[in-house]
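> kindly generate the corresponding structure for this input.
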Amino acid sequence: MAYDANWKPKHNPWAIALTVTLATFMEVLDTSIANVALPHMAGSLGASQDEATWVLTSYLVASAIILPISGWLSDRFGRKRFYITCVIMFTVCSLLCGLAPTLPFLIVARVLQGLGGGGLAPSEQAILADTFPVEKRGQAFAVYGMAVVVAPAIGPTLGGWITDNFNWHWIFFINIPIGLFSIWLSSRMVEDPPQLIERRKASIGKKVDFTGLALVAGGVGVLEFFLDKGQEKDWFGSSAITTAAIVAAVLLVTFVFWEWNHEDPIVDLKLLKNRNFGTAVFLQLVLGMVLFGSTVLIPQYLQTLLGFTAQLAGEALSPAGFVMMFMMFVAGRLIGKMDPRLLVCIGYVITAVGLYNLTRLSLDTSFATITQWRMFQVIGLPLVFIPISTLNYVGVPTTKMNQISSLSNFARNLGGSAGTALLTTFLARTAQTHQMQLSAHSGAGQAGYDNYISHVAHIVQLQGMSAAQAGQVAVGYAYQQMLRQASMLAYKNAFAILSGVIICLTPLPFVMRLPAKTAKPSPEAAAH
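Numbers count the residues shown, from 1 in each chain. As a prediction, the model looks like this:
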């Protein structure tokens, strides 16, 4: 099919970039805000904490299902139509979430909200790739990157403030005016390029691969459940988790074989044969593990071991968001002036050093120190995120932009889910190991332990307790301190492992090809 290879959007590309970023920022922000408000939801809806976690799980599962198929949906129904439908769906379901009178109602609304929200990020990335020429994509993805990595940083602070000063319903209601504004802007600014219009027309009358659709939806949904609930249910000690693992493996393996041989696949897995894209997907997977993993670990450490409130923990993390915003701008400018593969390598080294620096955390680390260390830890992430997002598209036909975006976003989100699950399990198991090691040196007859118990008991006795009661209190306090020390050591181990994984990846970006100096239509794209 012939089309105008020199097509340019009618509106200013930067206006389009800001328009589509608005909805993605809203979606990512809402996800991190909901995490903070979970206890408030449980209390007001008469649910237990475990039951309330389905508010998060249901959204993650629905979002994970839509991510890998969003490229196909964009090709089939038109990207602008699909994107605006996602924004409308997310906005309307935000209203339903805020009005939810019961937990089941809220969970259903969150599933629908996840189906809408999951399609936003890949659609935006594909729109930016088509809107900007190759040499300016780095700067465009810097705008997109702000939504993806900055929103989780400021979400906990905003969520804590809203739930403390209003109630949890408002974390959903604030999406409504933003969503309506985004719908209005998108309907005027966003447009489909000629090759997409031709591709949509060509798909009319074609049979839908319902088998592939069912396999990917079922497999990804069950896999997300397995990752999200595994640690809570003791992994393979639970029959439900074991069953989920088997079902997910069977469905996804069958899906790979089915789609690989299908003439019009829901997910074009053969794109992974492209050296750049295959490498980029793997790097996105690891980036998701590090980005989401560290974003989960640090607030947990601050709240469980240092006694920070959710809002205070958010305030410690928020300055890092502004550092990332600045570095996104820097990375967007640098990518046109130096080898993007070298940028990724430098970003990995800085990130690894920043993560290893967090192994210095103690139970006495100050708020200011934590804030500074977190700021240092995130400096390298934009140097990784933007070049990878740009190198994604090198050597790939323009007709496959939607598929590229959906697969790369799916890889990053899957990495986030897997990283969070693995780190949570690692923390729990490693803390138990450290507890056993510490307890071997914390028994009666150990000079240090006896001196500590004697000291604490003396202080408690000065407050009016009997010697026997003071002794019991001192032993209990010593046990609590041992648990805190064991948890602290587990966190240190987790940061060290993340750092080691990142260092091992530093040579991998050089496997990728460099983009051409000027934007040229792919010969394969012109043939379609």
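
> low-confidence ranges, the stretch 201-350 of the chain, go.
Under the criterion pLDDT under 70, the flagged ranges of the stretch 201-350 of the chain are 205, 310.

> all helices of it, in order?
Ranges of helices within the stretch 201-350 of the chain are 210-229, 239-260, 275-304, 310-334, 340-357, based on DSSP state H, counting those that start in this stretch.

> check which helices and strands the second one sits against.
Okay, so that is helix 239-260. On a contact count with 3 or more CB pairs under 8 Å, 6 or more residues apart in numbering; DSSP states H and E, helix 239-260 meets helix 210-229. For the C-beta atoms, the positions are set from N, CA and C on the backbone; glycine is no exception.

> please apply the same query to the longest one.
Under the contact criterion of 3+ CB pairs under 8 Å, 6+ apart, the helices and strands touching helix 275-304 comprise helix 151-165, helix 310-334, helix 340-357, helix 367-378, helix 381-391, helix 401-439, helix 467-505.

> can you get me a residue count around Asn165?
Neighbours of Asn165 under the rule other CB atoms under 10 Å: 9.

> state the distance from it to Leu334.
Distance from Asn165 to Leu334, counting by CB to CB, to the nearest Å: 40 Å.

> next: Ala37.
Relative to Leu334, and taking CB to CB, Ala37 is found at 38 Å.

> repeat for Lys136
Separation of Lys136 from Leu334 (CB to CB) stands at 13 Å.

> take the helices of the stretch 201-350 of the chain and write them to TSV, including mean neighbour count and distance to Gly464.
Listed next are the helices of the stretch 201-350 of the chain as TSV, based on neighbours: other CB atoms under 10 Å; distance: least, CB to CB, whole Å:
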stretch	mean neighbour count	distance to Gly464
helix 210-229	20	47
helix 239-260	16	50
helix 275-304	22	31
helix 310-334	20	33
helix 340-357	22	45
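
> how about the ones you listed in TSV, adding distance to Met465?
What follows is the helices of the stretch 201-350 of the chain, written out as TSV (distance: least, CB to CB, whole Å):
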stretch	distance to Met465
helix 210-229	44
helix 239-260	46
helix 275-304	28
helix 310-334	32
helix 340-357	42
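
> out of these, which gets nearest to Val394?
Between Val394 and the helices of the stretch 201-350 of the chain, the shortest gap by CB to CB is with helix 275-304, which sits at 4.6 Å.

> report the angle between the closest one and helix 401-439.
If you take axes from the mean of the first three to the mean of the last three CA atoms, to 10 degrees, helix 275-304 sits at 40 degrees to helix 401-439.

> ok and helix 275-304 relative to helix 381-391, angle-wise?
If you take the same axes, to 10 degrees, helix 275-304 sits at 150 degrees to helix 381-391.

> angle of helix 275-304 against helix 467-505?
Using the same axes, to 10 degrees: helix 275-304 against helix 467-505 is 170 degrees.

> ok, and the closest non-adjacent residue to Tyr393?
Distances taken as CB to CB, 6 or more residues apart in numbering place Ala129 nearest to Tyr393, at 5.5 Å, with adjacent residues excluded.

> what is the helix or strand harbouring that neighbour packed up against?
Assigning secondary structure by DSSP states H and E places Ala129 in helix 120-131. Applying 3+ CB pairs under 8 Å, 6+ apart, we find helix 120-131 packed against helix 13-44, helix 54-77, helix 79-99, helix 137-145, helix 401-439.

> can you give me how far the longest one is from the chain middle?
Between the centre of helix 401-439 and the centre of its host chain there is 11 Å, according to CA atoms, centre = their mean, to the nearest Å.

> so which bits of it are buried?
Neighbour counts over helix 401-439 (16 or more other CB atoms under 10 Å) mark 401-424, 426-427, 430-431, 434-435 as buried.

> coming back round to it: angle of the helix holding Ala129 against helix 381-391?
Angle, helix 120-131 to helix 381-391, by the same axes, to 10 degrees: 60 degrees.

> kindly export helix 120-131 (C-alpha atoms) in CSV.
Only the C-alpha atoms of helix 120-131 are listed here, as CSV (Å, rounded to 0.1, in the frame of the first residue of the first chain):
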residue,chain,number,x,y,z
LEU,A,120,-2.6,4.6,27.5
ALA,A,121,1.2,4.3,27.8
PRO,A,122,1.9,2.1,24.7
SER,A,123,-0.5,4.3,22.6
GLU,A,124,1.3,7.4,23.7
GLN,A,125,4.8,6.0,22.9
ALA,A,126,3.6,4.9,19.4
ILE,A,127,2.1,8.4,18.8
LEU,A,128,5.3,10.1,19.7
ALA,A,129,7.4,7.7,17.5
ASP,A,130,5.2,8.6,14.5
THR,A,131,4.9,12.3,15.3
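
> what residues sit buried inside it?
Buried, per 16+ other CB under 10 Å, within helix 120-131: 120-131.

> shouldn't Tyr348 be in contact with Pro507?
No. With contact defined as CB atoms under 8 Å, Tyr348 does not reach Pro507; the gap is 9.5 Å.

> closest one to Met375 among the helices of the stretch 201-350 of the chain?
Shortest separation from Met375 across the helices of the stretch 201-350 of the chain is recorded for helix 310-334, at 4.8 Å, computed as CB to CB.

> from Ile178, how far out is Cys223?
Let me fix one detail, which is that residue 223 is Leu and not Cys. For Leu223, the distance to Ile178 (CB to CB) stands at 31 Å.

> I misspoke; the intended subject was Leu291.
Look at Leu291 and Ile178: by CB to CB, they are 23 Å apart.

> next one: Gly212
Separation of Gly212 from Ile178 (CB to CB) stands at 34 Å.

> surely the residue nearest to Tyr393 is in contact with Asn402?
No. Ala129 is beyond contact range of Asn402, at 9.3 Å (criterion: CB under 8 Å).

> on that earlier part again, now do the same contact list for the residue nearest to Tyr393.
137, 393, 401, 404-405 (CB atoms under 8 Å, 6 or more residues apart in numbering).
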